[in-house]
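Got a predicted structure here, sequence first:
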Amino acid sequence: MIAAILLSFLIQVAGDSPLSNPRLEERAQAMMREIRCVVCENEPVSQSTADIAIDMRRAIRRMIEDGKSDDEVRHFFTDKYGGHVSFRPPTEGFGILLWAFPFLLLAGVGGWLGYRAFSHRNRNLAPIPEDGRPPE
């Protein structure tokens, strides 16, 4: 039983071998960190041990070895599994709100704090006399 488990693990690891060209393997590793495993929750395929993640890593390496661009690899996975598979939200359409939301939230909170700080000031203060004594 243990030998069968060990054998299946070795077959999976052997099938997930790096590319011979170090520059292509570096690109593949970067893509593997951008693509989310569809089985694991919020885990990139580079770290996942799920069978589908191993297949996804193989597909990434195969596409990069075939000369596909990073955008083509991203589009392949988003077309196949949906936008959730990408750790990068899109920069067009609704995705622009995801990129802009933190900045809009920061500006809104800053504006609200500024309004609160300056709207409650007492504006009916008497001027200080030149002799420095408080008014009676």
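Received, thanks.

what about residue 56, neighbour count?
26 (other CB atoms under 10 Å). C-beta: built from backbone N, CA, C; applies to glycine.

Assign it to helix, strand or coil.
The three-state assignment at residue 56 reads helix, by DSSP: H, G, I helix; E, B strand; the rest coil.

helices and strands of this protein: which one bottoms out on pLDDT?
helix 2-15 (a mean of 54; mean pLDDT, DSSP states H and E).

downstream neighbour of that one in the secondary structure list?
helix 22-34 (DSSP states H and E).

mean confidence score for that next one?
For helix 22-34, the mean per-residue pLDDT is 91.

Name the residues that touch it?
The contact list for helix 22-34 (CB atoms under 8 Å, 6 or more residues apart in numbering) reads 18-19, 44-46, 56-57, 60-61, 64-65, 70, 73-74, 86-88.

burial measure for the closest residue to residue 32 other than its chain neighbours, as a count.
In space, and not counting its chain neighbours, residue 32 is closest to residue 46: 3.7 Å by CB to CB, 6 or more residues apart in numbering. Residue 46: 18 surrounding residues under other CB under 10 Å.

Equivalent analysis for residue 109, please.
10.

distance of it from residue 100?
Distance, residue 109 to residue 100, by CB to CB, to the nearest Å: 15 Å.

what's the longest helix in the protein?
Identified as the longest helix of the chain according to DSSP state H is helix 95-119.

now that helix, how far from the centre of its chain.
22 Å (CA atoms, centre = their mean, to the nearest Å).

From here on, call the first residue 688.
OK, 688 is where the count begins now, so the last one is helix 782-806.

In contact with the residue nearest the centre of the chain, which residues?
With distances taken as CA atoms, centre = their mean, the residue of the chain nearest its centroid is residue 774 (4.1 Å). Going by CB under 8 Å, 6+ apart, residue 774 touches 720-723, 731.

That's all I had, so thanks and see you.
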